[in-house]
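S.K.: Just the structure for this:
(one chain, ligands or ions: 1)
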Amino acid sequence: MKTVSLLTAALSLWAFTAAADPAPGDAVRGAAVFKAQCAACHFAKETDKSPPIGPQLLGVVGRKAGSWDHFAYTPAMKKAGHVWDAKLLDRYLENPYSVVPGAAMGLLVPSPSHRADLIAYLSSNPAELKQPERAQ
Ligand code: HEC
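M.R.: Numbering: from 1, shown residues only. Presented below is the predicted three-dimensional model:
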C-alpha cells in the first residue's frame, strides 16, 4: 500500500510539474488544437476529410519539406531542403516565414504549449503509413 501511495504522490507531482512547464507536448491536446487551427487546410489522418488546401500532414515528422506528391507547393517550400523534425516544426509553427521565406502558409501559433501539443500529435502518426490520395 505504501508503494501505491508513493507512486500516486510521484504521479501528482509529475502532473503538477507538467502543468507548470508546457514543454512536453500532449498528443491528445494536440489533436484538439489541430482540429481548431489546422484542419481547415490539412489532413492528418487517412480518414480525415478536411478540405485539401494544404498538404497531407500524416507522417510529416521525419519527412522532407515540400515532398508530398499530391500537393502543388510553392517553389520556396519545394527547394527549402529541410527535413521536418520537432525543433524545426516548432520554429515553423511560430513563424513559417522565418523557416521557409516565401511559404504560402499564413498561420502563426504563438503559444509554445500549443506548438508542443501539435508536434506531439503529428509525431504520433507513423511516417510509414501510406499517404492517401486527396479527396476530390
Ligand atoms: C489557411 C490554410 C492553412 C492553415 C490553417 C494551416 N496551414 Fe499548414 N500549410 C498550408 C499551405 C498552403 C502549406 C504549403 C505551403 C507552401 O507550399 O509554401 C502548408 C504547409 C505546412 C507544412 C509543411 C508540410 C510539408 O509537406 O512540407 C506543415 C508542417 C504545416 N503546414 C503545418 C500546419 C499546422 C500544424 C497547422 C495548424 C497549426 C497549419 N499548418 C495550418 C496551409 C495552411
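S.K.: Check which element follows the helix or strand of the chain with the lowest mean pLDDT along the chain.
M.R.: Lowest on mean pLDDT, DSSP states H and E among the helices and strands of the chain sits helix 2-20, with a mean of 50. Downstream of helix 2-20, the next assigned helix or strand under DSSP states H and E is helix 27-37.
S.K.: Now tell me what touches that following helix from outside.
M.R.: Applying Cβ atoms under 8 Å, 6 or more residues apart in numbering, the set of residues contacting helix 27-37 from outside is 42, 44, 107, 109, 114, 116-124. No exception for glycine: its C-beta is placed from N, CA and C like everyone else's.
S.K.: Show me which residues of that helix are buried.
M.R.: For helix 27-37, burial by neighbour count (16 or more other Cβ atoms under 10 Å) applies to 27, 29-31, 33-34, 37.
S.K.: Distance to Lys78 for these - can I get that in JSON lines?
M.R.: Compiled in JSON lines, these are given as follows (distance: Cβ to Cβ, whole Å):
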{"residue": "Ala27", "distance to Lys78": "29"}
{"residue": "Arg29", "distance to Lys78": "32"}
{"residue": "Gly30", "distance to Lys78": "27"}
{"residue": "Ala31", "distance to Lys78": "28"}
{"residue": "Val33", "distance to Lys78": "27"}
{"residue": "Phe34", "distance to Lys78": "24"}
{"residue": "Gln37", "distance to Lys78": "24"}
